[in-house]
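[1] mind looking at a prediction? Sequence and model below.
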There are 2 protein chains.
Amino acid sequence: MTQTCVVGIDPGLTRCGIGVVRSDGGTAVKPLAVDVVRTPADIDIAQRLLAVAEGVAAVLDRYHPEAVAIERVFTQHNRNTAAGTAMAAGVAATEAARRDIPVTFYTPSEVKAAVSGNGRADKSQVTAMVTRILGLVDQPRPADAADALAIAICHLWRHPLQQKLRTTQSTSSLVDPVGVHPLPSSKEP
Amino acid sequence: MTQTCVVGIDPGLTRCGIGVVRSDGGTAVKPLAVDVVRTPADIDIAQRLLAVAEGVAAVLDRYHPEAVAIERVFTQHNRNTAAGTAMAAGVAATEAARRDIPVTFYTPSEVKAAVSGNGRADKSQVTAMVTRILGLVDQPRPADAADALAIAICHLWRHPLQQKLRTTQSTSSLVDPVGVHPLPSSKEP
């Protein structure tokens, strides 16, 4: 079985969550690390972005992940913070690209659906599921830390499925999606 | 008189304009360079952002500007490209911060008003004014190149005024704004 390390990033200027998880090929996911880069609102945006870049770079250089997953920013929500969040996401993606690590973006509902089976799950449900999936004793805090781990888990569980579906589509054969890669969330009560 | 070199950036993924101008202390502005980083839409966003980062970095390392000015992204316009534009802006700002170069963001109407006296000027007016201000024989093409130069000019003309006003406010003395730093655009027909 192939080990895969994934870094999940919940982009933001005030708090940028960075979660590192590992899979040994099955659906079990192990937590490796979690960090939250915090920057004060009263310093220049460029300095805040640099802190995010350096925080992400430090994690990538320590864990050498096979993939980076970043939450996609929706600019229609909370316009004031959306541009800052998008800038932080861009900076994180660039640090990955600089190291030849592939980046995938996921929408918040894709992440929620992957870990909880419900694309409209609230923050506490996502945190509870991440805690359970990773077998943690304590819930990751703050929510940005749990979200970053959820994004990494989402990539581990969705990506092989997407790759397979893409191959399937290009060869025009039919595959029962349920048989490709059962999502553990379906086993949850 | 102090020479000041400013790099203006019109952020974008498809085309990112980068303009370099110099002032010798007065309102005259000299063009130094202009470049447009282009990335194809069919490669990964992270790779496109890395190309923007490398393009900006190359200009900063060549010209060692005193300041970087970036157009502020408005996320309510064209939501599809806004996130990409914001990400490119963030990446450019980070490259400046990495080199300890201060970054200022300007809204499109601040830039238009600075070079043409009209915050609602269209692209052709901005291009025409940039061509005239910089004494260029040919109009800079594409529009992103002219915009990047306009952003740099905007910073050169607005920034000393803003600094002065800030000092004025903090010392509570009164200053006739017209007397502080006459804007050349007022001399235009």
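    Happy to help now that I have it. Note that the structure is predicted; figures quoted are calculated from it, not measured.

[2] from now on I want contacts and neighbour counts done on CA atoms only, so please keep to that.
    Will do.

[3] who's in contact with the residue positioned nearest the centre of chain A?
    The residue lying closest to the centre of chain A (Cα atoms, centre = their mean) is A:I151, at 2.2 Å. Contacts for A:I151 (Cα atoms under 8 Å, 6 or more residues apart in numbering or on different chains) come out as A:G8, A:I9, A:D10, A:A69, A:I70, A:E71, A:Y106, A:V111.

[4] try A:V137
    A:V137 touches A:T131, counting by Cα under 8 Å, 6+ apart.

[5] now A:V20
    A:V20 neighbours (Cα under 8 Å, 6+ apart): A:C5, A:V6, A:V7, A:G8, A:P31, A:L32, A:A33, A:V34, A:Y63, A:L149, A:A152.

[6] roughly how far does it sit from chain B?
    From A:V20 across to chain B, the span is 19 Å (Cα to the nearest Cα, to the nearest Å).

[7] so which of the contacts of A:V20 belong to strands?
    A:C5, A:V6, A:V7, A:G8, A:P31, A:L32, A:A33, A:V34 (DSSP state E).

[8] can I get those residues in JSON lines with neighbour count and pLDDT?
    Below are those laid out as JSON lines (neighbours: other Cα atoms under 10 Å in any protein chain shown; pLDDT from 0 to 100):
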{"residue": "A:C5", "neighbour count": "23", "pLDDT": "97"}
{"residue": "A:V6", "neighbour count": "27", "pLDDT": "98"}
{"residue": "A:V7", "neighbour count": "32", "pLDDT": "98"}
{"residue": "A:G8", "neighbour count": "32", "pLDDT": "98"}
{"residue": "A:P31", "neighbour count": "20", "pLDDT": "96"}
{"residue": "A:L32", "neighbour count": "15", "pLDDT": "96"}
{"residue": "A:A33", "neighbour count": "15", "pLDDT": "96"}
{"residue": "A:V34", "neighbour count": "21", "pLDDT": "96"}
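
[9] Serialize the residues you listed to JSON lines and add fields for distance to chain B.
    Putting those into JSON lines (distance: Cα to the nearest Cα, whole Å) gives the following:
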{"residue": "A:C5", "distance to chain B": "19"}
{"residue": "A:V6", "distance to chain B": "16"}
{"residue": "A:V7", "distance to chain B": "15"}
{"residue": "A:G8", "distance to chain B": "15"}
{"residue": "A:P31", "distance to chain B": "25"}
{"residue": "A:L32", "distance to chain B": "24"}
{"residue": "A:A33", "distance to chain B": "23"}
{"residue": "A:V34", "distance to chain B": "22"}
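
[10] rewinding a little: tell me which of the contacts of A:V20 is nearest to A:I133?
    A:P31 (9.3 Å; Cα to Cα).

[11] quick one on the thing from earlier: what is the nearest of the ones in strands among the contacts of A:V20 to A:H159?
    A:V6 (11.0 Å).

[12] okay, that closest one and A:V56: tell me how far apart.
    13 Å (Cα to Cα, to the nearest Å).

[13] report the backbone C-alpha coordinates of the helix or strand harbouring A:A53 in PDB.
    Using DSSP states H and E, A:A53 sits within helix A:45-63. What follows is helix A:45-63, C-alpha atoms only, in PDB (Å, rounded to 0.1, in the frame of the first residue of the first chain):
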ATOM      1  CA  ILE A  45      -1.900  43.000   3.900                       C
ATOM      2  CA  ALA A  46       1.300  42.200   2.100                       C
ATOM      3  CA  GLN A  47       3.000  41.400   5.400                       C
ATOM      4  CA  ARG A  48       0.100  39.200   6.500                       C
ATOM      5  CA  LEU A  49       0.300  37.300   3.200                       C
ATOM      6  CA  LEU A  50       4.000  36.800   3.600                       C
ATOM      7  CA  ALA A  51       3.400  35.300   7.000                       C
ATOM      8  CA  VAL A  52       0.900  32.900   5.400                       C
ATOM      9  CA  ALA A  53       3.400  32.000   2.700                       C
ATOM     10  CA  GLU A  54       6.100  31.300   5.200                       C
ATOM     11  CA  GLY A  55       3.800  29.300   7.400                       C
ATOM     12  CA  VAL A  56       2.700  27.100   4.500                       C
ATOM     13  CA  ALA A  57       6.200  26.800   3.200                       C
ATOM     14  CA  ALA A  58       7.500  25.600   6.600                       C
ATOM     15  CA  VAL A  59       4.900  22.800   6.700                       C
ATOM     16  CA  LEU A  60       5.500  21.800   3.100                       C
ATOM     17  CA  ASP A  61       9.300  21.600   3.700                       C
ATOM     18  CA  ARG A  62       8.800  19.600   6.800                       C
ATOM     19  CA  TYR A  63       6.300  17.000   5.600                       C
END
